[in-house]
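1. sequence unknown, structure follows:
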């Protein structure tokens, strides 16, 4: 229930995240064992005067900065490969909710990982995130979040010519043609936009529909949306839990008002019929 309290997502989705995180650690544990047994590989460059080898070594200290929408899973995606490669890691979770990452830290230390090898740094972006991105002893920064923050991290890393990995989300389209299975299309549209309360960086927030089936699809989608059970993530059967914070709630409401304005003035909609 930690993830439900942390983020507000329904229990079923929280359980899915935990299972995915466990699988991630299992995968990279196997990969670490494989790499431990691999000797440096010699590469034939076609000239006996030259010798070329591939040697796998830890990069060093990895700074991982993760968002609030999938706090445990995003942490696993960064912590597991870093540890498999032999790197030490400093994990900075979102200041909005970090209970999941605190629980992860307890599990990691209980498993025998020494303190100092895995480190948890909580706090705001200015207090913890920026110093981590700027620190000269951090060899790599892995970040998931907004484009604006990703740009700042890239600028900070450029001063020391350090490696960065950025996952900055997108505006993913869902394209539907008139030969589709409408029931399946509705199912995946709902999944794409309402999964995790819509707090997904790859959410399918645009739907482009071939005009001939636009009306029937929209009606099926309206009916299916009205059947979604909304409530506390702790209640069995709830498919749409509360948003992660009041700030996020205000952003969604403001975006909805802006969309209503565009609909009224320009006739635009995130679901559009196209020829």
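-> Happy to help now that I have it. Remember, it's a predicted structure, so these values are computed and weren't measured experimentally.
2. among the helices and strands of this structure, which one scores worst on average pLDDT?
-> One helix or strand of the chain scores below all others by mean pLDDT, DSSP states H and E: strand 271-274, with a mean of 58.
3. Which helix or strand lies directly C-terminal to the strand or helix carrying residue 130?
-> Assigned by DSSP states H and E, residue 130 belongs to helix 130-134. Next along the chain after helix 130-134, taking DSSP H and E as the criterion, comes strand 140-144.
4. any idea how far that following strand is from the chain center?
-> 12 Å (Cα atoms, centre = their mean, to the nearest Å).
5. quick one: contacts of the helix holding residue 130?
-> Contact with helix 130-134 is made by 63, 65, 90, 92, 121, 138, 141, 143, 152-153, 156-157, 159, as judged by Cβ atoms under 8 Å, 6 or more residues apart in numbering. (Glycine included, C-beta is placed from N, CA and C.)
6. so how far is residue 197 from residue 13?
-> Look at residue 13 and residue 197: by Cβ to Cβ, to the nearest Å, they are 9 Å apart.
7. What segments of the stretch 101-250 of the chain are helices?
-> 130-134, 147-159, 182-194, 214-226, 246-266 (DSSP state H, counting those that start in this stretch).
8. The second one vs strand 140-144, what angle?
-> On the basis of axes from the mean of the first three to the mean of the last three Cα atoms, to 10 degrees, helix 147-159 is oriented at 170 degrees to strand 140-144.
9. May I see the buried residues of helix 147-159?
-> For helix 147-159, a neighbour-count test (16 or more other Cβ atoms under 10 Å) marks 149-150, 152-153, 156-157 as buried.
10. what about the chain, any weak spots by pLDDT?
-> Low-confidence segments of the chain, defined by pLDDT under 70: 1-3, 6, 256-275.
11. What sits closest to the most centrally placed residue in it if chain neighbours are left out?
-> The centroid of the chain falls nearest to residue 74 when counting by Cα atoms, centre = their mean (5.2 Å). Counting by Cβ to Cβ, 6 or more residues apart in numbering, residue 66 is the residue found nearest to residue 74 once chain neighbours are left out, at 4.2 Å.
12. and the one you found, how far is that from residue 33?
-> For residue 66, the distance to residue 33 - Cβ to Cβ - is 26 Å.
13. Residue 176 now?
-> 44 Å.
14. The two: which is more packed in?
-> residue 176 (22 against 10; other Cβ atoms under 10 Å).
15. In contact with that one, which residues?
-> When contacts are counted by Cβ under 8 Å, 6+ apart, residue 176 is found next to 185, 207-210, 213, 217.
16. ok, it to residue 188 distance?
-> Distance, residue 176 to residue 188, by Cβ to Cβ: 9 Å.
17. returning to that earlier point: max pairwise distance over the contacts of helix 130-134: which two?
-> 121 and 159 (20.4 Å; Cβ to Cβ).
18. For the residue nearest to the centre of the chain, what are phi and psi?
-> phi -60, psi -40 (degrees, to the nearest 10).
19. in what helix or strand does the residue nearest to residue 17 when sequence neighbours are not counted lie?
-> Using Cβ to Cβ, 6+ apart and skipping residues adjacent in sequence, the residue nearest residue 17 is residue 73, 4.8 Å away. Taking DSSP H and E as the definition, residue 73 sits inside helix 71-84.
20. how far does that helix sit from the chain's center?
-> The answer for helix 71-84 is 11 Å, by Cα atoms, centre = their mean.
21. next one: stretch 157-164
-> 22 Å.
22. Also compute the angle for the host helix or strand of residue 89 relative to strand 140-144, please.
-> Residue 89 belongs to strand 88-92 when assigned by DSSP H and E. Strand 88-92 runs at 30 degrees relative to strand 140-144, counting by the same axes, to 10 degrees.
23. and strand 88-92, which residues are buried?
-> Buried-residue list, strand 88-92, by 16+ other Cβ under 10 Å: 88-92.
24. Stretch 128-142 too?
-> 128-135, 138-142.
25. In terms of distance to residue 55, which of these ranks first?
-> residue 139 (16.7 Å).
26. Please name the residues that touch residue 192.
-> Shown in contact with residue 192 (Cβ under 8 Å, 6+ apart): 172, 174, 203-204.
27. Nice, that's everything, thank you.
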